[in-house]
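Novice: starting from these lines, generate the structure:
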Amino acid sequence: MILDEVDGKRKLPVVIGEFEAQSIAVALDKDIKPHRPFTHDLFKNFAFRFDVAIKRVIITKLVDGVFYSSLICERDKIEEIIDSRTSDAISLALRFKAPIFTHESVMEKAGVVFDKEDAPPKSELVDELSKEQDYTNLSVEELERAIKKAVKNEDYEMAARLRDEISKRENKASE
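Specialist: The predicted model follows:
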């Protein structure tokens, strides 16, 4: 996952797992409706039920390549700080519409500026699919594998197009 600096050119690359990326993608794309709630959705529902809000997320430090984060929560006007994995904190921040911050020391250590030619490459499969407009020659299984690769490569637009193709097929099958 790559976070952009709001008033600057630096980006903060954070390595996350496939499941965490999927949860973040679901939070970003309101058209994706999972059959059952993800753990982060469950946490949000639980927090709302007990009147707890996440006010902000702070990526606090980077030690030996591992980011550390905190959730700043509020209940009854009392703030609490809870340690969190960065991927979980970001997934929750998206669901609570909470801002994500980091310390300047973290950006100094891990922030990068990408030129066009330095940008991280996408997988070959996703590159090939992006050239195609018609996905009818691919099976649903191939489309699902391609979605996973697109999400892993943070190409959420491609993942959404592939998801739409699967939805289109499911709608035709149910008619």
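Novice: looking at the chain, which helix is longest?
Specialist: In the chain, with assignment by DSSP state H, the single longest helix is helix 156-174.
Novice: phi and psi next, for Ile2.
Specialist: Main-chain torsions, Ile2, degrees, to the nearest 10: phi -130, psi 120.
Novice: excluding its backbone neighbours, what's nearest the residue positioned nearest the centre of the chain?
Specialist: When Cα atoms, centre = their mean is applied to the chain, the residue found nearest the centroid is Ile24 (2.8 Å). In this structure, Ile24 finds its nearest non-sequential neighbour in Ser91, 5.2 Å apart by Cβ to Cβ, 6 or more residues apart in numbering. Where you see a C-beta, it was placed from the backbone N, CA and C, and this is true even at glycine.
Novice: do I have it right that that neighbour meets His40?
Specialist: Yes: using Cβ atoms under 8 Å, Ser91 is in contact with His40, at 4.4 Å.
Novice: now the common contact residues for these two.
Specialist: Ser23, Ala27 (Cβ atoms under 8 Å, 6 or more residues apart in numbering).
Novice: ok, back up a step: against which helices or strands is the host helix or strand of the residue nearest to Ile24 packed?
Specialist: Assigned by DSSP states H and E, Ser91 belongs to helix 86-96. Under the contact definition 3 or more Cβ pairs under 8 Å, 6 or more residues apart in numbering; DSSP states H and E, helix 86-96 sits against helix 18-28, helix 39-49, strand 53-63, strand 66-75, strand 100-102.
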